[in-house]
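> make a model of this:
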Amino acid sequence: MQLKPIADQVVVVLGASSGIGRASALRLAEKGAALVVAARSEPGLQSLVKEITDRGGRAAYVVCDVVDPDQVQAVAEAAVSAYGRIDTWVNVAAVLVHAPFEQTLPEEFRRLMEINYLGQVHGALTALPRLREAGGGALITVSSVESRVALPRHSAYAASKHAVEGMTDALRRDLMAEGAPISVTSIKPATINTPFFTSAAHTLDVEPTGPPPIYQPSVVADCVLYAAEHPVRDLYAGGAGRIMSAVQALAPRLMDAALSRAVPLESTSTPAPGGAPGTLYAPREEDNRAEGDLGARARGVSAYTWLQTHPRAASLLAGGALATAALARNRRHGR
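Residues are numbered from 1 along each chain as shown. Next up, the predicted model:
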């Protein structure tokens, strides 16, 4: 399957006003893609489009709540009307409830499934016909390491991301059976420095956060750019996420014990008396930033992710390591 260079692509990003979506949109625009960006926050979208166009890029926006499939359809129609087609579709929109299971309300479970899971379903159902009309393309799902490894106090979020992963796997296999020229990629970020945690609904007296290590959103954007040009099944944004997933598969009780002790790492010292409603039902206009407030602790590069997105370099490094090992062995044996 051959995907177009990003400079020749029309790309839709759902959930683009802040965080990972915003960082990805900016990078795609820098590479020359024509963009349609969508989210609930119109001020965030306006500032994003201005930032892109001020740099010489091409972008338009559509206000969209991914819970409503008609609004998602309107995004696709705007992209086709403006640019004639869609080559890559990126689903990013998500929200978080940070609370123990028994303190998470039934309506909060339902709302996260509506946004995090059904939002991805609506995006995929809308994107696929347009990608077929364009002769093929890429459907990119920004999921989470929590689609594999659930964190404490994230039961509703982890459940929604597990649902996304199941849907994505089945969809990919449907398209393979059909022979459709559409690449389906699941990107699984670890803890990322975005406004996501400060936008979470919670009942703590301080702001929540995610467990370290923390990565900058540019690490996820690297994955999005790579998946837009290369048919790849899975990408982990942050090597810590890949390690967690491996330990979960090989030693789940060990992961239970480790993460049960991680609860203190999920809180900051920033006061938030009485908690916060988060962005479950409305965006926070002040959080229209790519990066969050954890920049001093965040890593701008993940060696594991870099190797995933530079497979030739990874092969050369692996070959060099094997050659070095063989040379060392021969020296030990006096050859």
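> for the chain, what's the longest helix?
helix 155-178 (DSSP state H).
> residues in contact with it?
94, 96-97, 100-101, 104, 108-109, 112-113, 115-117, 120-121, 124, 139, 141, 143-144, 146-148, 150-151, 182, 184, 186, 233 (Cβ atoms under 8 Å, 6 or more residues apart in numbering). All C-beta spots, glycine's among them, are computed from the backbone N, C-alpha and C.
> tell me the spacing between the spatially closest residue to Ala200 that is not a sequence neighbour and Val63.
Closest residue to Ala200 apart from its sequence neighbours, by Cβ to Cβ, 6 or more residues apart in numbering: Leu96 at 4.0 Å. From Leu96 over to Val63 the distance is 22 Å, taken as Cβ to Cβ, to the nearest Å.
> rewinding a little: packing partners for the next helix or strand after the longest helix of the chain?
Moving toward the C-terminus from helix 155-178, the next helix or strand (DSSP states H and E) is strand 182-189. Secondary-structure packing of strand 182-189 (3 or more Cβ pairs under 8 Å, 6 or more residues apart in numbering; DSSP states H and E): helix 119-133, strand 137-142, helix 155-178, helix 217-229, strand 234-237, helix 239-250.
> in the longest one, what's buried?
Put plainly, it is helix 155-178. 155-165, 167-168, 171-172, 175 (16 or more other Cβ atoms under 10 Å).
> could you flag which of the contacts of helix 155-178 are buried?
94, 96-97, 104, 108-109, 112-113, 115-117, 120-121, 124, 139, 141, 143-144, 146-148, 150-151, 182, 184, 186.
> ok, the residue nearest the centre of the chain - contacts?
Nearest to the mean C-alpha position of the chain, counting by Cα atoms, centre = their mean, stands Val142 at 2.9 Å. The neighbours of Val142, taking Cβ under 8 Å, 6+ apart as the test, are Gly15, Ile20, Gly21, Val90, Asn91, Val92, Ala94, Ile187, Pro189, Val220, Val224.
> cool, Ser267 as well?
Neighbours of Ser267 in contact, by Cβ under 8 Å, 6+ apart: Leu204, Val206, Glu207, Pro208, Thr209.
> repeat for Glu108
Glu108 neighbours (Cβ under 8 Å, 6+ apart): Val97, Ala99, Ala156, Ala201, Leu280.
> so it lies in a helix, does it not?
Yes: assigned with DSSP: H, G, I helix; E, B strand; the rest coil, Glu108 falls within a helix.
> distance-wise, check it relative to Asp205.
19 Å.
> same deal with Ala82?
Distance from Ala82 to Asp205, by Cβ to Cβ: 46 Å.
> which regions of the stretch 201-335 of the chain lie under the pLDDT threshold?
314-335 (pLDDT under 70).
> now the strands: where do they sit in it?
201-202, 206-208, 214-215, 234-237, 267-271, 298-299 (DSSP state E, counting those that start in this stretch).
> TSV please, covering the ones you listed and showing distance to Ala228.
Formatted as TSV, those follow (distance: least, Cβ to Cβ, whole Å):
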stretch	distance to Ala228
strand 201-202	32
strand 206-208	31
strand 214-215	20
strand 234-237	11
strand 267-271	34
strand 298-299	23
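> can you tell which of those is closest to Val37?
The minimum distance between Val37 and those falls on strand 234-237, with 19.7 Å, by Cβ to Cβ.
> just checking, what packs against that closest one?
strand 182-189, helix 217-229, helix 303-308.
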